[in-house]
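Asker: Provide a 3D model corresponding to the input given below.
(2 chains)
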Protein chains: 2
Amino acid sequence: MSQAAAAPLPPSHREPRTERGRRTHRAILDAAAHEFGTRGYHDTGITHITARAGVALGSFYTWFESKEAVFRALVADLSAQVRDHVGPHVAAAPDGLAAEEAGLAHFLAFARQQKLIYRIIDEAEFVAPDAFRAHYETTAARILTRLQAAAAKGEIRADVSEAHAWAIMGMNVFLGLRYGIWDDSAATTAVAQTANSMLRDGLKP
Amino acid sequence: MSQAAAAPLPPSHREPRTERGRRTHRAILDAAAHEFGTRGYHDTGITHITARAGVALGSFYTWFESKEAVFRALVADLSAQVRDHVGPHVAAAPDGLAAEEAGLAHFLAFARQQKLIYRIIDEAEFVAPDAFRAHYETTAARILTRLQAAAAKGEIRADVSEAHAWAIMGMNVFLGLRYGIWDDSAATTAVAQTANSMLRDGLKP
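Answerer: Predicted coordinates for the structure are as follows:
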């Protein structure tokens, strides 16, 4: 993996330091998720976002320098939302394989709540390719770190590598698309159990 | 899976019946792959495609009714190219697990040759969402069919299901992005072997 591409993106927006600033910043990001996720990047104007957020244009520019800046901040924010939603369940699991199952089950639940996340992250491939790549490189690195920790404890095979992390991430992304976004009729825990049984024991008879 | 969504898309272009027609049709699709893959859908005009293909505008309209029609035909064509490139290697493998390994190794090699394929298929999510969905539903159905055939022969576990097929497809797509498109320094066979060893035996110590 290119270390440069995996490094954090340069800041293009300011971080709020007061509670009031934090609320405005959050309202802008939530409005941006709705507008970019439903209209798409090109058909979204900054005024669509400020109108939905109920903030003045000046407030927008206090925090973000441009439409592209708020889009990039949104991709990083959604990436962090997944991490924060899934992380505690992964951390609470009894071992490394149970952690992957909990991670997938809660990712599926998150995708069902935040159905716009796929459209936004996927559009980043075209609008902000470095943010798209950083999202996946950061996520894969996080998976690899927990696989290596589980391997060190003897909970999973010792030879886990970057390719294992990318394989698991891809599995989760496509199960999320199929059972989170396109059709949410299956139980998230049943899908996670099926995938985890394959991850645990493999496909051998 | 929704059967309606998995059904073939309605034809929006004619199929050539003569050798000369076939060559022109192929030249248009290859030119379309280059233009859509490098400029993106919105910045590509039909005249960019005809200029690159070296065909008259009238010839274009003999085969395709619009820019959207050629884009949709291209997504279906790339989907078929993957199937035709990978299929013989999958069919020649000694058993179901070796077939998945061969499939992944040859998919990685194909992605390295046709690096624009990800951009085109991924842009279909926005330009032709039904073609995007049909591509993945068709691919997953093909994987499930071969898993079920291998299970019937006792080569892999008997309980394989749609979720296994989507998990394997996701694994392959993300390994293709990481080791096919973004960084092609690793040996495709080594990546496929690592992923297949996980698929075969799982992650247990």
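
Asker: mind checking the SS state of the closest residue to A:Ala186 other than its chain neighbours?
Answerer: Sequence neighbours aside, A:Tyr179 is the residue nearest to A:Ala186 in space, at 5.2 Å (criterion: Cβ to Cβ, 6 or more residues apart in numbering or on different chains). Where C-beta positions appear, they are placed from N, C-alpha and C, glycine not excepted. Secondary structure state of A:Tyr179, per DSSP: H, G, I helix; E, B strand; the rest coil, is helix.

Asker: if I look at A:Tyr179, how far off is A:Ala187?
Answerer: 9 Å (Cβ to Cβ, to the nearest Å).

Asker: same thing with A:Ile28?
Answerer: A:Ile28 sits 35 Å away from A:Ala187, going by Cβ to Cβ.

Asker: tell me the buried residues in stretch A:68-76?
Answerer: Neighbour counts over stretch A:68-76 (16 or more other Cβ atoms under 10 Å in any protein chain shown) mark A:Ala69, A:Val70, A:Phe71, A:Arg72, A:Ala73, A:Leu74, A:Val75, A:Ala76 as buried.

Asker: let me see the mean pLDDT of the helix or strand hosting the second one.
Answerer: By that I understand A:Val70. Per DSSP states H and E: A:Val70 is located in helix A:67-92. The average of the pLDDT scores along helix A:67-92 is 96.

Asker: was I right to think A:Phe107 contacts A:Gln81?
Answerer: No. Using Cβ atoms under 8 Å, A:Phe107 is not in contact with A:Gln81, being 11.0 Å away.

Asker: which one of the two has more residues nearby?
Answerer: Neighbour count, other Cβ atoms under 10 Å in any protein chain shown: between A:Phe107 and A:Gln81, A:Phe107 has more, with 22 against 16.

Asker: show me what contacts A:Leu203?
Answerer: B:Gly96, B:Leu97, B:Glu100, B:Leu147, B:Ile156, B:Arg157, B:Val160, B:His164, B:Leu199, B:Arg200 (Cβ atoms under 8 Å, 6 or more residues apart in numbering or on different chains).

Asker: next, format these as a markdown table and append distance to A:Pro16 and pLDDT.
Answerer: Output for the contacts of A:Leu203, formatted as a markdown table (distance: Cβ to Cβ, whole Å; pLDDT from 0 to 100):
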| residue | distance to A:Pro16 | pLDDT |
| --- | --- | --- |
| B:Gly96 | 54 | 96 |
| B:Leu97 | 52 | 96 |
| B:Glu100 | 48 | 97 |
| B:Leu147 | 50 | 97 |
| B:Ile156 | 52 | 96 |
| B:Arg157 | 51 | 95 |
| B:Val160 | 49 | 96 |
| B:His164 | 45 | 97 |
| B:Leu199 | 45 | 95 |
| B:Arg200 | 50 | 94 |
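
Asker: just the pLDDT at A:Leu203, thanks.
Answerer: 91.

Asker: you'd agree it is in a strand?
Answerer: No. With three-state DSSP as the criterion, A:Leu203 is coil rather than part of a strand.

Asker: next one: it from B:Asn196, what distance?
Answerer: Counting by Cβ to Cβ - A:Leu203 and B:Asn196 are separated by 10 Å.

Asker: overlap of the contact sets of the two?
Answerer: With Cβ under 8 Å, 6+ apart, A:Leu203 and B:Asn196 have common neighbours B:Leu97, B:Glu100.

Asker: which ones are touching the spatially most central residue of chain A?
Answerer: For chain A, the residue whose C-alpha lies nearest the mean C-alpha position (Cα atoms, centre = their mean) is A:Ser79; its distance is 3.1 Å. Counting by Cβ under 8 Å, 6+ apart, A:Ser79 makes contact with A:Ile121, A:His135, A:Thr138, A:Thr139.

Asker: buried subset of these?
Answerer: Of those, these count as buried by 16+ other Cβ under 10 Å: A:Ile121, A:His135, A:Thr138, A:Thr139.

Asker: just checking, which of those residues belong to helices?
Answerer: A:Ile121, A:His135, A:Thr138, A:Thr139 (DSSP state H).

Asker: so how far is chain B from the closest residue to A:Arg83 other than its chain neighbours?
Answerer: Spatial nearest neighbour of A:Arg83, excluding adjacent residues (Cβ to Cβ, 6+ apart): A:Arg142 at 6.9 Å. Distance, A:Arg142 to chain B, using Cβ to the nearest Cβ, to the nearest Å: 14 Å.
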